[in-house]
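A.B. asks: Sequence below, structure please.
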Amino acid sequence: QKTSREKLLLLQRQKKTEWQNKFGSKIVRSKQPTVIYVQSEILSLIMLEKKTLIARTRSGKFRNLICGDPLIFQSGKLSQSCKVAAAIPYESFENLFRHENFRKAFPKAGSLEEVQKHLSANSCDQTKTEKCGVVAIHLKLPSK
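C.D. replies: The predicted structure follows:
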């Protein structure tokens, strides 16, 4: 009987292998923390551990994130450090939210339809998404 963490790590390894076979990308561990600028409301949800999943297009600073990489979420003068618990690549946001619990990324959303409306309203670059894919970044805050 596997724990949910073991299942998550197994899924991450499978997705990483699928992604590398498809796109031939080489995963390189980042040494410096990745700084992500967010609105204060989002930062509050992360600090309260209500938002534990970040979904982003897999490009730029989100391209090579792997388990254990340090992140810093910043809003104005406030910031929160955490680590990547898992970074699972998907081909699209729709595919990502078929496999991941959307409430971890959008804690205030009542339904998956609300999430899809939010994604279309914020005009995710479809060409970039098709070219690069997306990544589900599971967050782990430091122990208190």
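
A.B. asks: which stretches of this structure aren't confidently modelled?
C.D. replies: Along the chain, the parts satisfying pLDDT under 70 run over 1-2, 16-31, 123-125, 144.

A.B. asks: Swap in 90 and give it another go.
C.D. replies: Within the chain, the stretches with pLDDT under 90 are 1-32, 57-61, 63-68, 91-99, 109-133, 142-144.

A.B. asks: Which parts of it are helices?
C.D. replies: With DSSP state H, the ranges of helices along the chain come out as 4-23, 40-47, 93-99, 102-105, 112-121, 126-132.

A.B. asks: Tell me which of those helices is the most buried.
C.D. replies: helix 102-105 (a mean of 18; mean count of other C-beta atoms under 10 Å). (Glycine included, C-beta is placed from N, CA and C.)

A.B. asks: quick one: contacts of stretch 38-47?
C.D. replies: 51-52, 73-76, 78-80, 82, 107, 139, 141 (C-beta atoms under 8 Å, 6 or more residues apart in numbering).

A.B. asks: which of those residues are buried?
C.D. replies: 51-52, 73, 75, 79-80, 82, 139 (16 or more other C-beta atoms under 10 Å).

A.B. asks: Redo the residues you listed as a markdown table? Include distance to T3.
C.D. replies: Listed next are the buried ones among the contacts of stretch 38-47 as a markdown table, based on distance: C-beta to C-beta, whole Å:
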| residue | distance to T3 |
| --- | --- |
| K51 | 23 |
| T52 | 17 |
| F73 | 27 |
| S75 | 33 |
| S79 | 31 |
| Q80 | 26 |
| C82 | 21 |
| L139 | 19 |
